[in-house]
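Undergrad: Got a sequence here, can you model it:
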Amino acid sequence: MIMPEPKLARVRQECGARHQSSLELSRASIRLARAPQMECVSQVAGRILIAWKSGHGASLEHALDHARRFASRTEHSTTFEMERLEALTGAVESLEEVVDGMQDGRARSTGAVRLLEHLARAGRV
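TA: Below is the predicted model of the structure:
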């Protein structure tokens, strides 16, 4: 049985509207599910400190790798945030050199750890 053209058009329109609304709902739920958790410099610095103090080389390398990825994908909204990110990047680079054995670890690690402590504390204020 063939539907008359006006009725067919109405059915297509209703089905399309239902399909469109369910598609929008599924897209919205996907956006919510994929919404990245906003992490800040202080949290990343704290994560590195925990790994450093634990003495586990693998967890420290993982935390340093995470910090590098964080720094590369973070957008800067203010000059202050950019400066904090640059400080974090400098501390990460110093600790990486110590971990890789390229530098004498005592002085460089002390400075980097103090900077990380300051960055971690600044986020709690």
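
Undergrad: Rounded mean pLDDT for stretch 77-89, please.
TA: Averaged across stretch 77-89, pLDDT comes to 89.

Undergrad: can you pull the buried residues of it?
TA: Residues of stretch 77-89 classed as buried: Arg84, Leu85, Ala87, Leu88, Thr89 (neighbour count, 16 or more other C-beta atoms under 10 Å). Every C-beta, even on glycine, is put in place using the N, C-alpha and C of the backbone.

Undergrad: Okay, now the unreliable bits of the protein?
TA: For the chain, the stretches flagged by pLDDT under 70 are 1-38, 76, 102-107, 124-125.

Undergrad: now the helices for it?
TA: Using DSSP state H, the helices of the chain run over residues 5-34, 41-54, 57-73, 79-99, 105-122.

Undergrad: Now the shortest one - C-alpha only, PDB.
TA: Extracted in PDB, the C-alpha atoms of helix 41-54 (Å, rounded to 0.1, in the frame of the first residue of the first chain):
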ATOM      1  CA  VAL A  41      49.600  23.100  37.400                       C
ATOM      2  CA  SER A  42      49.400  22.500  41.200                       C
ATOM      3  CA  GLN A  43      47.800  19.100  40.800                       C
ATOM      4  CA  VAL A  44      50.500  18.000  38.300                       C
ATOM      5  CA  ALA A  45      53.300  19.300  40.600                       C
ATOM      6  CA  GLY A  46      51.700  17.500  43.500                       C
ATOM      7  CA  ARG A  47      51.600  14.300  41.500                       C
ATOM      8  CA  ILE A  48      55.300  14.600  40.600                       C
ATOM      9  CA  LEU A  49      56.200  15.300  44.300                       C
ATOM     10  CA  ILE A  50      54.300  12.200  45.400                       C
ATOM     11  CA  ALA A  51      56.200  10.000  42.900                       C
ATOM     12  CA  TRP A  52      59.500  11.600  43.800                       C
ATOM     13  CA  LYS A  53      59.100  11.000  47.500                       C
ATOM     14  CA  SER A  54      57.900   7.500  47.000                       C
END
